[in-house]
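[1] Return a 3D structure for these sequence lines:
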Amino acid sequence: EVQLVESGGGMVQPGGSLRLSCAASGFTFSSYDMSWVRQAPGKGPEWVSGINAGGGSTDYADSVKGRFTISRDNAKAPVYLQLNSLKPEDTAVYYCAAGAAHYTSGEYDYWGQGTQVTVSS
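    Predicted coordinates:
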């Protein structure tokens with residue numbers, strides 16, 4: 001059974017940090033590009049960041065560039081998203097997604113259940 005399980009969300013004040021994790025199982029993790037996608041209340045999904053299967057290529061949405069960092073551990077099969085300098089507009093449910101296609105394609109084969117990030121004073 002394929003599973004992507006996110007953790008690490010929570011409530012934080014503006015300027016704070018969080019580290020999201022996504023534990024993967026049931027598929028060949030090291031063969032899939034991974035992405036983080038978020039959805040804020042009342043808005044559509046927004047791609048946040050992606051990392052290729054080997055971990056050597058990453059990219060970020062302009063809205064988070066310089067503040068968020070994606071990484072992965074192909075030996076243990078988690079993917080991480082470090083969120084720094086958080087802003088209220090970063091409030092959303094964050095999902096990890098796995099795709100055989102390149103992370104820029106917007107095509108995903110598997111999704112996690114999401115973890116809530118709330119940035120508020």
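
[2] Spell out the residue ranges of the helices in this structure.
    Assigned helices in the chain: none (criterion: DSSP state H).

[3] Nearest the geometric middle of it, what residue?
    For the chain, the residue nearest the mean C-alpha position is residue 36 (2.6 Å; CA atoms, centre = their mean).

[4] Bridged to it, which residues?
    On the basis of DSSP bridges, residue 36 is bridged to residue 49, residue 96.

[5] Run a quick check on it versus residue 93, I expect a contact.
    No: using CB atoms under 8 Å, residue 36 is not in contact with residue 93; the gap is 11.0 Å. (C-beta placed from N, C-alpha, C; glycine too.)

[6] Quick check: end-to-end length of stretch 36-48?
    End-to-end distance of stretch 36-48 (CA to CA, to the nearest Å): 5 Å.

[7] For residue 3, give the beta-bridge partners.
    In beta-bridge terms (that is, DSSP bridges), residue 3 pairs with residue 25.

[8] Is it in contact with residue 22, as I believe?
    No: in this structure, residue 3 is not within contact of residue 22 by CB under 8 Å, at 10.0 Å.

[9] the more surrounded of those two?
    Shown here are residue 3 and residue 22; by other CB atoms under 10 Å, residue 22 has more neighbours (26 against 13).

[10] Can you get me a residue count around the residue nearest to residue 94 when sequence neighbours are not counted?
    In space, and not counting its chain neighbours, residue 94 is closest to residue 38: 4.8 Å by CB to CB, 6 or more residues apart in numbering. Residue crowding around residue 38 was assessed by other CB under 10 Å; the count is 23.

[11] need the contact list for residue 38.
    Residues counted as contacts of residue 38 (CB atoms under 8 Å, 6 or more residues apart in numbering) are 45-46, 48, 90, 92-95, 117.

[12] Of those residues, which belong to strands?
    Among these, the members falling in strands (DSSP state E) are 45-46, 48, 92-95, 117.

[13] Just the buried ones out of these, please.
    Among those, those classed as buried by 16 or more other CB atoms under 10 Å are 48, 92-95, 117.

[14] Please enumerate the strands of this structure.
    3-7, 10-12, 18-25, 33-39, 45-51, 58-60, 68-72, 78-83, 92-99, 110-111, 115-119.
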